[in-house]
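What follows is a predicted protein model with its sequence.
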Amino acid sequence: MTDTENPETEDTPRDFIRDRIRADLDSGQNDAIVTRFPPEPNGYLHIGHAKSICLNFGVAAEFGGTCNLRFDDTNPAREDAAYITAIQDDVRWLGFDWGENLFHASDNFEQLYAWAQNLIEGGLAYVDDLSAEEMREYRGTLTEPGRPSPHRDRTAEESLDLFARMRAGEFEDGDRVLRARIDMASGNINLRDPVLYRIIRADHPRTGDAWCIYPTYDFAHGQSDAIEHVTHSLCTLEFEDHRPLYDWLLENLPVPARPRQFEFGRLNLGHTVLSKRRLIQLVEEGHVAGWDDPRMPTVTGLRRRGVPPEAIRDFIGRLGITKADGMVEMSYLENTIREHLNQTAPRRMGVLDPIKLVIENYPEGQTEELDGVNNPTDESAGTRKVPFGRELWVERDDYMDDAPKKFRRLTVGREVRLRFAYYVTCTDVIKDADGNVTEVRCTYDPESRGGDSPDGRKVRGTIHWVSAAHAETAEVRLYDDLFTAEEPGKERDWIEDLNPASLEVRSTCYLEPALADDDGVVQFERLGYFAPDADSAPGALVFNRTVSLRDSKPKG
RNA sequence: UGGGGCGUAGCCAAGUGGUAAGGCAUCGGGUUUUGAUCCCGUGAUCGCAGGUUCGAACCCUGCCGCCCCAGCCA
């Protein structure tokens, strides 16, 4: 979606950024718009990035512009080529296409170097010999102005020579930096002579060892925007302080275009963490199984969990774009996921905590096939055959001793419907020495085949089941919030807020046979939506619970 | 006590001087061969205090609260 296929419509989202773009187009400020999504290849994309992706690519599509994918690969000490391909996979999976517009900040290293020289020549930058610690001392504090470095006034000739020697590798990492010469007393600390280039001897994924000096974010980002002719450079709120520097550089350099930066509030989601630092720590310390652990808020994790990309896009769209920073409830995401899956997921039956149910008056050895509706919200989804027999698996908590009136499921003397099958009346229950129910005994009404009684008799409850003789055995992984606290780290160390029960593995579940052939997300009736895991194999099925169904059963 | 932002119901969020959209959640009620879905109903005087105005969530002033910035990270 990088050109004019999807022009702006009346139900296009509205927010302050789109309003501004519309105004810039109307006033002739811009003939066409160009945005960019600029990830640093030092980690996997998470749902917070998805917000930026949807905004940048979305806005470009709505206004008939283009959106570039640009890697901000300016720090080889932290970045890795493996992330570059993973990020591209994730963006594509989310449903966006950058066409030919794949760029890297590193494509511009030679130009950036030349521009740095321009700055030095104009007296707007200088090479500083201060150490990192010294520079911190000279910088001042939030309330006290900084002091000029002793090298601040060295001649352009000297800085030019030193800068060339930095590039040539004559100095050690950290020995010298190139700094902009702006205002050491500025209330905005980003303007107190920010570092433009530093020496880093690390192999770069794209430029190898061609360079040992690398531009900082501030010196690379705006200029890369200009080189790509980005018109609207959309970033998160924490870069608001950098905008004066972004503008200063563009105004003092012979750039080919004049992009503008706009900031919006980043996404915060409850019961999880969305900082790259913390996500990396979760992976490295083994609190999760990897970047694609289904409990992770990463794009790849959500994908493995079974979340459809449409649901992510819809979720982001519903949030809107503003400058207020809030905390979005995880349940909002879950609800959006349910909404999409409800429309698309075929219904199946699976028993996750099985107990045996025996129909005493059903002939031994007899088997039949019943029709199951695949999706009541979509008639075109059709039906499937579900095998039935004398012995079934049913859910342990669908039986209860001395059940209260409100309990609509199995208890001795009560009649319930087996979904798509028959009415059964519970006659007895068998328990082991410890009092645990091991088997539920029932009788069935042969007249109720299909789930309706010809005499019009009603039953209050319907339960799901799987024929014991035909069941597929599977492992099912149930997930809960990764963190018990809505805001991990607010009350104590964030690691302590990890939810010890975020993963529950049910190793012996019984599924109806159709599940052996399903490869997408399905609904296990009355339980939730489940997706085959990457670990799943014929004969060794593994399902992830994407999200449970809403449950309005009375408590207790 | 420096600079930059933000503050509309539990959450997200419209609204930009004319008398508070919508979504999610909650709580009621209806339908239902998933206690699902679906359908109906349900809540705010807009951080606070003054001021301007016939009239302010929207304009002015002063407070209060929250977030970001002192990486040679992005």
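Here it is on my side, so go on. Numbers count the residues shown, from 1 in each chain, chains lettered A, B, ... in the order given.

So for the residue of the stretch 251-400 of chain A found nearest RNA strand B, what's the nearest residue that isn't a sequence neighbour?
Among the residues of the stretch 251-400 of chain A, A:Gly326 lies closest to RNA strand B, at 2.1 Å counting by C-beta to the nearest atom of the strand. (Each C-beta comes from the backbone N, C-alpha and C, glycine too.) Leaving aside its sequence neighbours, A:Gly326 sits nearest to A:Asn268 (C-beta to C-beta, 6 or more residues apart in numbering; 6.6 Å).

Compute the number of surrounding residues for that neighbour.
Residues near A:Asn268, counting by other C-beta atoms under 10 Å, number 15.

Surely it is in contact with A:Met330?
No - counting by C-beta atoms under 8 Å, A:Asn268 does not reach A:Met330; the two are 10.8 Å apart.

so where do the strands sit in the stretch 351-500 of chain A?
A:354-359, A:367-373, A:383-389, A:391-395, A:415-418, A:423-431, A:437-445, A:462-463, A:465-467, A:472-479 (DSSP state E, counting those that start in this stretch).

residues in contact with the fourth one?
Right, the one you point to is strand A:391-395. With C-beta atoms under 8 Å, 6 or more residues apart in numbering as the test, strand A:391-395 has contacts from A:351-359, A:410, A:418, A:440, A:463-469, A:471, A:510.

cutoff 6 Å now
With contacts defined as C-beta atoms under 6 Å, 6 or more residues apart in numbering, strand A:391-395 is touched by A:Val351, A:Asp353, A:Pro354, A:Leu357, A:Val358, A:Trp465, A:Val466, A:Ser467, A:Ala468, A:Tyr510.

Next: the third one.
Applying C-beta under 6 Å, 6+ apart, the set of residues contacting strand A:383-389 from outside is A:367-374, A:421, A:467, A:469-470, A:512, A:514.

residue ranges of the helices in chain A, please?
Assigned by DSSP state H, the helices in chain A fall at A:16-27, A:47-62, A:81-94, A:109-121, A:132-139, A:156-167, A:217-227, A:243-251, A:276-284, A:299-305, A:309-319, A:330-344.

how about CSV for those helices, with mean neighbour count, distance to RNA strand B and mean pLDDT added?
Output for the helices of chain A, formatted as CSV (neighbours: other C-beta atoms under 10 Å; distance: least, C-beta to the nearest atom of the strand, whole Å; pLDDT from 0 to 100):
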stretch, mean neighbour count, distance to RNA strand B, mean pLDDT
helix A:16-27, 15, 7, 96
helix A:47-62, 23, 11, 98
helix A:81-94, 17, 12, 97
helix A:109-121, 18, 12, 98
helix A:132-139, 14, 4, 98
helix A:156-167, 17, 10, 98
helix A:217-227, 24, 3, 98
helix A:243-251, 18, 7, 98
helix A:276-284, 15, 7, 96
helix A:299-305, 24, 17, 98
helix A:309-319, 19, 4, 98
helix A:330-344, 18, 4, 98
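
Nearest to A:Thr74, out of the contacts of strand A:391-395: which one, please.
Closest approach to A:Thr74 among those (C-beta to C-beta): A:Asp353, at 52.3 Å.

Look at the closest one and say how many residues are nearby.
14.

pLDDT value on it, please?
Per-residue pLDDT puts A:Asp353 at 98.

next one: A:Thr9
We have a pLDDT of 50 for A:Thr9.
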